[in-house]
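Asks: My questions concern the predicted model and sequence given below.
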Amino acid sequence: MLLTMALLAASPTGCDRPADVGSIDGKDPAARRAAMSAIEISLRGARIDEALRIAQRLAEVAPDDAEAFELLARAQLARATSATDPVSVRESRTAAAAAYARAVALGDPSAGLLNAAGVAAQFAGDPQTAAHCFARAAAIDPANPQHPLFAGLALLQVGRIDDARVALTSARTLDPDSPWPITALSGLTLQTGDAQTALTLAREARRLDPRNDELRVAEAKALRALALHEDVLTLLLALPPEARLTEAITWEIAAAHEALGDKDLAAEAWGVWAESAGSADSAVEAARRWTAAGDPIQAQSWIAVARQRGWREPLRP
């Protein structure tokens with residue numbers, strides 16, 4: 001449910017080739033603006049390496065310019081989105097979070113910048129910093145329900161249950177027609193051990209947006225906690241095959257099959273997802289599931305796929 005950091009997709013027009021990166025004069029406002037424009041144009045044209053080179057140089061020559069670091073962060077996020085090597089993805093996400101943190105530290109950040117910094121911190125695996133950014137954004141823009149929603153999710157990750165409940169309740173009050181704060185409260189309630197209330201909340205959220213398939217995940221989690229595994233499969237396998245092709249839905253289907261003692265069906269579900277996702281992580285998970293199912297041939301096959309997709313860490317079936 002976290003905000004997806006999207007780049008502009010429009011094609012550039014006119015003269016869009018950047019000047020020599022080494023020639024940027026950080027003390028010249030016009031030169032800085034030209035470099036920033038070149039970064040924007042390169043990002044819109046999906047020339048990510050080019051955008052990143054200019055942004056890195058601009059940050060070097062203008063170390064006190066918050067906008068330069070915001071652009072650097074956006075370029076790093078674009079690189080993380082396009083990379084297939086898990087190590088490169090992690091490195092770019094970490095660099096993006098650091099660049100956003102620098103942008104925030106340099107000036108009087110807007111709620112939008114703080115929100116973006118929070119999302120980047122979340123992507124980089126730092127929910128504590130993310131929660132702090134989202135809370136600051138909420139203080140600046142208290143009418144926007146997205147900020148307490150994101151803050152609550154991050155607080156939940158770090159185990160600050162009471163603070164998360166306050167934030168998520170605020171988000172629900174600000175936007176009572178949105179299913180997402182209610183879904184998040186379902187997850188919180190499940191984490192505190194009240195699966196029945198979690199199920200009630202999850203179903204309430206689904207009633208607000210019955211066509212949103214992802215909202216079934218919270219209901220499935222609550223059903224699984226209540227050991228109603230066949231109900232999980234009834235809920236999720238009712239979806240058309242293409243609608244099941246998300247990691248969260250696959251996870252719940254596989255978990256239900258495993259709980260019912262059918263590890264082969266669990267592994268098959270992961271294999272379908274891994275084929276669709278095309279990522280190294282999904283292939284690794286498929287290998288693990290086939291190992292658990294007692295099929296080393298399938299497991300080795302998925303390990304080979306994971307290697308082809310850029311997995312470099314030690315891995316055995």
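Replies: It's in.
Asks: what's the pLDDT at the closest residue to L106 other than its chain neighbours?
Replies: Spatially, and ignoring its direct neighbours in sequence, L106 is nearest to A66 (3.9 Å; Cβ to Cβ, 6 or more residues apart in numbering). To be clear about C-beta, it is placed using only N, CA and C from the backbone, and glycine gets the same treatment. On the pLDDT scale, A66 is placed at 94.
Asks: Surely A66 touches A103?
Replies: Yes. A66 is within contact range of A103, at 4.6 Å (criterion: Cβ atoms under 8 Å).
Asks: Find the residues that touch each one of the two.
Replies: Counting by Cβ atoms under 8 Å, 6 or more residues apart in numbering, the common neighbours of A66 and A103 are 109, 113.
Asks: More neighbours: which of the two?
Replies: Neighbours per residue (other Cβ atoms under 10 Å) separate A66 from A103, with A103 holding more: 25 against 18.
Asks: Check which helix or strand that one maps to.
Replies: Assessed by DSSP states H and E, A103 sits inside helix 86-106.
Asks: From the contact counts, what lies against that helix?
Replies: helix 66-82, helix 111-123, helix 127-140 (3 or more Cβ pairs under 8 Å, 6 or more residues apart in numbering; DSSP states H and E).
Asks: what's in contact with the second one?
Replies: Under the contact criterion Cβ under 8 Å, 6+ apart, helix 111-123 has outside partners 2-3, 5, 66, 70, 73, 77, 80, 93, 96-97, 99-101, 103-104, 109, 127, 129-134, 136-138, 140-141, 144, 146-147, 150-151, 154.
Asks: pLDDT score for the closest residue to T94 other than its chain neighbours?
Replies: Nearest residue to T94, sequence neighbours excluded (Cβ to Cβ, 6+ apart): A124, at 4.9 Å. pLDDT for A124: 95.
Asks: Now tell me what touches the helix or strand that W290 is a member of from outside.
Replies: For W290, the element it lies in under DSSP H and E is helix 280-292. With Cβ under 8 Å, 6+ apart as the test, helix 280-292 has contacts from 84-86, 247, 254, 258, 263, 266-267, 270-271, 273-274, 296, 298-303, 305-306, 309-311, 315, 317.
Asks: Report the buried members of those.
Replies: Neighbour counting with 16 or more other Cβ atoms under 10 Å marks 86, 247, 254, 258, 263, 266-267, 270-271, 273-274, 298-299, 301-303, 305-306, 309-311, 317 as buried within these.
Asks: do you know how far L223 is from R216?
Replies: 10 Å (Cβ to Cβ, to the nearest Å).
Asks: Quick check: neighbours shared by those two?
Replies: L235.
Asks: lowest average confidence, helix or strand, in the chain?
Replies: When the helices and strands of the chain are scored by mean pLDDT, DSSP states H and E, helix 29-44 comes last with a mean of 90.
Asks: buried set for the very next helix or strand once past that helix?
Replies: Counting by DSSP H and E, the element after helix 29-44 in chain order, helix or strand, is helix 48-61. By neighbour count on 16+ other Cβ under 10 Å, the buried set for helix 48-61 is 48, 50-59, 61.
Asks: Stretch 155-172 now?
Replies: Here stretch 155-172 shows 155-157, 160, 163-165, 167-172 as buried, counting by 16+ other Cβ under 10 Å.
Asks: Just give the closest residue to G294, not the sequence neighbours.
Replies: K263 (7.3 Å).
Asks: check contacts around that neighbour.
Replies: By Cβ under 8 Å, 6+ apart, the neighbours of K263 are 257, 289, 292-294.
Asks: now D209
Replies: Here D209 is in contact with 179, 215 (criterion: Cβ under 8 Å, 6+ apart).
Asks: Hmm, S88 is touching R79, no?
Replies: Yes. Counting by Cβ under 8 Å, S88 does reach R79; the two are 7.4 Å apart.
Asks: Give me the more crowded residue out of these two.
Replies: Comparing S88 with R79 by neighbour count (other Cβ under 10 Å), the higher total belongs to R79, at 20 against 14.
Asks: Local confidence estimate at the more buried one?
Replies: 94.
Asks: for the chain, what are the low-confidence residue spans?
Replies: Counting by pLDDT under 70, the ranges of the chain that qualify are 1-22, 25-26, 315-317.
Asks: and the residue nearest to T169 when sequence neighbours are not counted, how many residues sit next to it?
Replies: Excluding the flanking residues, the one nearest T169 by Cβ to Cβ, 6+ apart is L185, at 7.3 Å. As a burial measure, L185 scores 25 neighbours (other Cβ under 10 Å).
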